[in-house]
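Colleague: Kindly generate the corresponding structure for this input.
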Amino acid sequence: MSLVKDEFAFIQSIKPAYTFREELIQGIGDDAALYRIGSDWDEIACADTMVEGIHFKKSTLSPFQIGRKALAVNISDIAAMGGIPMFYLVSISVPQTGWSSKQLKEIYKGMKEIADDYEIDMIGGDTVSTRSDLHIAITVIGKIEKGRKLLRSNARAGDIVFLTGPVGGSAAGLSSLLKGEGNEAPYVKYHQEPSPRIKQGRILAKSGYRISLNDVSDGIASESHELAEASGVSIILNQDTIPAPEGFDAYSSFQRLEWMLNGGEDYELIGTVAEENWEKVVELFEAHDEEIYRIGYVEDKRTSVWMNYKDQKFKLDKKGYNHFSSKE
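Modeller: Residues are numbered from 1 along each chain as shown. Below you'll find the predicted structure:
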């Protein structure tokens with residue numbers, strides 16, 4: 001397999017044939033992208049990088065899935081702000097061997113599939129050579145109604161802690177892939193094809209309530225710590241109320257809990273809302289045929305995260321699952 005020989009021809013080959021956003025003035029084809037934001041909106045921008053051997057392997061994701069997931073994890077950051085994703089830029093560093101032009105185009109096709117789902121335009125980026133391993137760096141730009149800030153620092157004592165869906169499935173799916181159990185093993189799609197929770201983030205943003213929010217990229221233990229640290233509060237989770245994927249009881253209780261707390265890459269939303277607004281939030285989610293789960297509460301104590309289980313309370317460490325740290 002050989003490196004793409006003509007950078008500019010390759011860029012032209014993946015240039016979108018059409019665009020969605022009326023805000024776009026100039027996309028691919030200039031030194032920078034130019035777009036307008038009206039007085040009623042604030043801009044959101046985020047960036048993430050996926051590195052071969054660290055965040056993905058060819059044995060666990062196809063090139064198409066690599067591209068789709070690389071963009072999905074960035075869209076999830078927009079969801080965690082309650083925003084609407086609009087544009088993305090892609091910088092890709094390609095090793096001199098190991099990746100063909102066909103495979104690279106499949107990566108961009110994967111991005112385009114999920115970009116089309118959310119009506120997001122690709123407006124630029126960069127393509128360079130590297131000595132080893134593929135790197136994909138993506139920037140996503142979005143918007144949210146002016147003044148709506150669903151920040152991690154918004155949690156207050158007495159708040160309800162919520163989660164928008166089951167967690168642990170991605171780590172379970174990855175475990176199956178690393179064991180060579182194949183793409184048909186349970187929960188593999190949770191890992192390979194995550195779905196950003198833009199709709200849920202928008203419900204929360206439009207509710208008008210004070211909301212703190214985070215996406216579950218590193219596991220709910222880690223994300224809860226980020227909320228607690230930003231807000232200067234203590235978060236208490238109730239183990240029995242944390243939703244797990246259907247059929248998860250096939251695994252040991254220890255394995256289930258490890259995946260649910262520290263597995264990560266579930267990309268559900270975790271956050272807090274004032275207790276007096278909780279039932280109204282539930283009603284909003286029900287009206288949109290979406291689920292939301294009450295999994296804990298916030299206390300005005302020293303910054304920490306705790307778990308309640310069978311009348312016992314234990315402290316949770318801040319850690320996320322390192323997908324490729326262990327030997328296969």
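Colleague: what's the straight distance from one end of stretch 134-152 to the other?
Modeller: Its start and end residues considered, stretch 134-152 measures 32 Å (CA to CA, to the nearest Å).
Colleague: Give the buried residues for it.
Modeller: Taking 16 or more other CB atoms under 10 Å as the neighbour-count basis, stretch 134-152 is seen to contain the buried residues 134-144, 148-152. Where C-beta positions appear, they are placed from N, C-alpha and C, glycine not excepted.
Colleague: With stretch 277-294 instead?
Modeller: Applying 16+ other CB under 10 Å to stretch 277-294 flags 277-278, 281-282, 284-285, 292-294 as buried.
Colleague: Next, check those against the helices and list the overlap.
Modeller: With helices taken from DSSP state H, the overlap with these comprises 277-278, 281-282, 284-285.
Colleague: mind listing what L284 touches?
Modeller: Contact partners of L284, counting by CB atoms under 8 Å, 6 or more residues apart in numbering, are 203, 207.
Colleague: before we move on, back to that, now for the buried residues of stretch 277-294: which two are most distant?
Modeller: Pairwise distances across the buried residues of stretch 277-294 peak at 15.8 Å for N277 and Y293 (criterion: CB to CB).
Colleague: Now do the same contact list for the residue lying closest to L24 once chain neighbours are set aside.
Modeller: Nearest residue to L24 in three dimensions, chain neighbours excluded: Y35, at 5.3 Å (CB to CB, 6 or more residues apart in numbering). Counting by CB under 8 Å, 6+ apart, Y35 touches 21, 23-25, 86-87, 123, 141.
Colleague: isn't there a helix covering P186?
Modeller: No - secondary structure assignment (DSSP: H, G, I helix; E, B strand; the rest coil) places P186 in coil, not in a helix.
Colleague: so it makes contact with S176?
Modeller: Yes - shown here, P186 and S176 form a contact pair, counting by CB atoms under 8 Å, at 6.9 Å.
Colleague: Give me the buried subset of the contacts of Y35.
Modeller: Among those, those classed as buried by neighbour count (16+ other CB under 10 Å) are 21, 23-24, 86-87, 123, 141.
Colleague: ok, the closest residue in space to L174 that isn't next to it in sequence to G38 distance?
Modeller: Distances taken as CB to CB, 6+ apart put H191 closest to L174, at 4.6 Å, once the chain neighbours are dropped. For H191, the distance to G38 equals 38 Å [CB to CB, to the nearest Å].
Colleague: So which of these two has more stuff around it?
Modeller: For H191 versus G38, the count of surrounding residues by other CB atoms under 10 Å is larger for H191: 25 against 8.
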